[in-house]
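> this is a predicted model, with the sequence first.
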Amino acid sequence: MSLTADGARVASQSGDTLTVALVSTVVMNPYVELLRRALDALPGVEARTWKELTPGLVWRQRGRLDVIHLHWVELQIASPSRYRAVKKFLRLILALALAKLLGIALVYTVHNITQHEGRHARLNRWANLFIFWAADAVHVHDACVAQDVAAQFGRTRGVSVVPHGNYIGAYPVGTSREAAREWLGLKPSEVGFLFLGQIRRYKGIEELITAFRKMEDVPCALIVAGHPQDEAYAAEIERMAKDDRRIHLHLGYVPDEELHRYMVACDVFALPYRQVTTSGSALLAFSFGLPVVAPRMGCFVDLVGENRGVLYNPEAADGLAEAMRRAAALDMAAVRRHVLEFARSLDWDNLALQHARIYREIRERRR
């Protein structure tokens, strides 16, 4: 069934327009905007985005809003000041409670099962406990996360699995592979390994550099690009890489218009994470046809599978280095076909239909 026909069928069952507010403070990751656009394109659905969730905003939307779909709850209360973090926490809890009193459905997408790093861990725990109790539906990207939600927060009812969408077309592309490799200083014969994203300790970039330095007999280069959140960590990475000319550090914000240069220039995307819930980075890599090297844990097991990269045992001393060697020897043309085919299967139009179905099921239960 086509998108229009299926969307019309869903809309006709309800008989009126479904209004949805997607709440997220994240601006560098286009995930929420891609979902909003796909939802808004469905017949019978109006989707908007809010940066923050406040009681005043919820009150003003009474009688006009069906669903609040919250993303990254930890970022709603993030602050360097404990006083401000507590204030934002109380504001969030009050807004969520008011939404429930007004009959607005609450949906929560689990991007991180717990916060990876940072301050106010207890507040984040309390926020998660409340949202997992209050949400009418919990959205996870794979069955592994559903199991974690059940184990850590006891939430099993109303948990729906809808995969993470791709990033095909989400970023401007205007550079050839040859021009991009020249821009990055990569030799034609080198296999380009890429880490791109926020530079944070839980992502294991030290292990990546250590493993890469063991590959002196392989013609390859390592690109590490992204904004460091910790100056001390950035300095540590610079010290580890300073005497290896094959390692290229681009420690700073990567503008959207430059992101594609890194992706089209390189061959393998490295994700040596120490912990993971959902990996938008893996979907970004797949969207540009790059296979992934990642630890055999969590969502990576299903995402990478048997033909979209190389998994390794994170407990093995040389697991990452061996996985990088295996990745460098892949049939790149064949693996790129598998990767792009998988990415194309995760189109936002289809995923938006699944989300809309969840929203409508909640609303029908409330009537």
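Okay, I see it.
> and the gap between the residue positioned nearest the centre of the chain and Gly169?
When C-alpha atoms, centre = their mean is applied to the chain, the residue found nearest the centroid is Gly280 (2.9 Å). For Gly280, the distance to Gly169 equals 15 Å [C-beta to C-beta, to the nearest Å]. From N, CA and C alone the C-beta is placed, and that goes for glycine too.
> coming back round to it: need the pLDDT of the residue nearest to the centre of the chain.
pLDDT, Gly280: 88.
> also Leu123?
88.
> now the host helix or strand of it, how far from the centre of its chain.
Under the criterion of DSSP states H and E, Leu123 resides in helix 121-134. Averaged C-alpha coordinates place helix 121-134 at 20 Å from its chain's average position (C-alpha atoms, centre = their mean, to the nearest Å).
> centre of the chain to the helix or strand just after that helix, how far?
Where DSSP H and E defines the elements, the next helix or strand beyond helix 121-134 is strand 137-140. Its chain's average C-alpha position is 15 Å from that of strand 137-140, according to C-alpha atoms, centre = their mean.
> now for strand 137-140, which elements pack on it?
strand 105-109, helix 143-153, strand 159-161, helix 348-366 (3 or more C-beta pairs under 8 Å, 6 or more residues apart in numbering; DSSP states H and E).
> and the last one with strand 105-109, angle?
Using axes from the mean of the first three to the mean of the last three C-alpha atoms, to 10 degrees, the inter-axis angle of helix 348-366 relative to strand 105-109 is 140 degrees.
> flag every buried residue along helix 348-366.
For helix 348-366, burial by neighbour count (16 or more other C-beta atoms under 10 Å) applies to 348-349, 351-353, 355-356, 358-360, 362-363.
> if we can go back for a sec, can you pull the alpha-carbon coordinates of the helix holding Leu123 into CSV?
What follows is helix 121-134, C-alpha atoms only, in CSV (Å, rounded to 0.1, in the frame of the first residue of the first chain):
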residue,chain,number,x,y,z
ALA,A,121,23.0,11.8,37.8
ARG,A,122,20.4,11.5,40.6
LEU,A,123,18.1,14.1,38.9
ASN,A,124,18.4,12.3,35.6
ARG,A,125,17.5,9.0,37.3
TRP,A,126,14.4,10.6,38.9
ALA,A,127,13.4,12.2,35.5
ASN,A,128,13.7,8.8,33.8
LEU,A,129,11.7,7.1,36.6
PHE,A,130,8.9,9.7,36.2
ILE,A,131,8.8,9.6,32.4
PHE,A,132,8.8,5.8,32.3
TRP,A,133,5.9,5.8,34.8
ALA,A,134,3.9,8.6,33.1
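> what angle separates that helix from helix 143-153?
Using the same axes, to 10 degrees, helix 121-134 lies at 110 degrees relative to helix 143-153.
> could you pull out the buried residues of helix 121-134?
123-124, 127-128, 130-132.
> and of the buried residues of helix 348-366, the nearest to Ala150?
Ile358 (18.0 Å; C-beta to C-beta).
> what's the distance between that closest one and Ala105?
Taken as C-beta to C-beta, the span from Ile358 to Ala105 is 9 Å.
> one more: Leu57?
16 Å.
> higher neighbour count, these two?
Ala105 (24 against 18; other C-beta atoms under 10 Å).
> neighbours around Leu101, how many?
Neighbours of Leu101 (other C-beta under 10 Å): 10.
> what ranges do the strands span in the chain?
In the chain, the strands defined using DSSP state E lie at 18-23, 45-50, 67-71, 105-109, 137-140, 159-161, 191-196, 220-226, 247-251, 268-270, 292-295, 309-312.
> pull the residues that contact the first one.
I take that to be strand 18-23. The contact list for strand 18-23, computed with C-beta atoms under 8 Å, 6 or more residues apart in numbering, reads 11, 32, 35-36, 39, 44-53, 61, 64-71, 76, 356, 359-360, 363.
> how big is the angle separating it from strand 105-109?
40 degrees.
> pull strand 18-23 out as PDB, backbone CA atoms only.
Provided in PDB are the C-alpha atoms of strand 18-23 (Å, rounded to 0.1, in the frame of the first residue of the first chain):
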ATOM      1  CA  LEU A  18      -4.000  14.400  15.000                       C
ATOM      2  CA  THR A  19      -1.800  17.200  16.500                       C
ATOM      3  CA  VAL A  20       1.700  16.300  17.800                       C
ATOM      4  CA  ALA A  21       4.500  18.300  19.400                       C
ATOM      5  CA  LEU A  22       8.000  16.800  19.200                       C
ATOM      6  CA  VAL A  23      10.100  18.100  22.100                       C
END
